[in-house]
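1. Could you work out the structure for the sequence below:
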Amino acid sequence: MSANIPSSPDLDKVPEIFTRHLGTWKGEYIKTDTRGHFTRSFFGSFSISIEGSHYRQVNNYEYSDGSRLQLNFQGEFENRILKLFSSSYSDFSAIAWDAGQEVICFRATKTQDDALITFVETMTLLAENHRVRSTQAFKNGIFDGISFIEEMRV
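-> Prediction:
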């Protein structure tokens, strides 16, 4: 775990798998269309901390044109399920849960360009400092492509 992200999760409320994702992860996010063809990629850094049952995540993205974006997420564990919201998106909501076999499942919704966007993601911990995430995207209930990222903890 990164020394700059102190965390002391309440293990009565937080499933153990979430504690194994603490710290900062980096990787290249690759997006595809509905046929699996490359559409774009960008680099991401994802910093995760948990204090008690409070979850915090900061996503920093860097695009090929040099632009950057930071998104902030907060949440609470209730009945061992993470319920997330974001100060970056007023209508963002998500849940995440321990799916077993080193996998966390995540489901999120937000409105973007007058469309309801839904993400369904699996996050697989391959080793202590290595994980892979894959995300199905839906726009107004219609399949809109897949994104994936292989990340290393820094």
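2. show me what contacts Tyr67?
-> To be clear, residue 67 is Ser; Tyr isn't right here. Residues near Ser67 by CB atoms under 8 Å, 6 or more residues apart in numbering: none. Backbone N, C-alpha and C define where each C-beta goes, glycine included.
3. Can you list phi and psi of it for me?
-> phi -70, psi 160 (degrees, to the nearest 10).
4. Tyr61 versus that one, what's the distance?
-> Taking CB to CB, to the nearest Å as the measure, Ser67 falls 9 Å from Tyr61.
5. What lies in contact with stretch 96-104?
-> Taking CB under 8 Å, 6+ apart as the rule, stretch 96-104 contacts 15-18, 21, 80-82, 84, 105-107, 122-126.
6. In strands only, show me the residues you listed.
-> Those of these mapping onto strands are 81-82, 84, 105-107, 122-126, per DSSP state E.
7. of those, buried ones?
-> 82, 84, 106, 123, 125 (16 or more other CB atoms under 10 Å).
8. and the two most separated of these?
-> Greatest spatial distance among those (CB to CB): Leu84 and Leu125, at 18.8 Å.
9. my guess is Lys36 meets Ile146, correct?
-> Just so we're on the same page, residue 36 is Gly rather than Lys. Yes - Gly36 is within contact range of Ile146, at 7.1 Å (criterion: CB atoms under 8 Å).
10. Who has more neighbours out of those two?
-> Ile146 (15 against 8; other CB atoms under 10 Å).
11. what does whichever helix or strand the more buried one is part of contact?
-> Per DSSP states H and E: Ile146 is located in strand 142-153. Identification of contacts with strand 142-153 by CB under 8 Å, 6+ apart yields 1-2, 23-34, 36, 39, 44, 46, 117, 128-138.
12. So which of these are in strands?
-> 23-32, 39, 44, 46, 117, 130-138.
13. Any of those buried? List them.
-> Buried, going by 16+ other CB under 10 Å: 23-25, 27, 29-32, 44, 46, 117, 131, 133, 135, 137-138, out of the ones in strands among the contacts of strand 142-153.
14. So which bits of stretch 43-56 are buried?
-> 44-50, 53, 55.
15. and those, which two are the farthest apart?
-> Of all pairs in those, the most separated under CB to CB is Gly44 and Ser53 at 25.6 Å.
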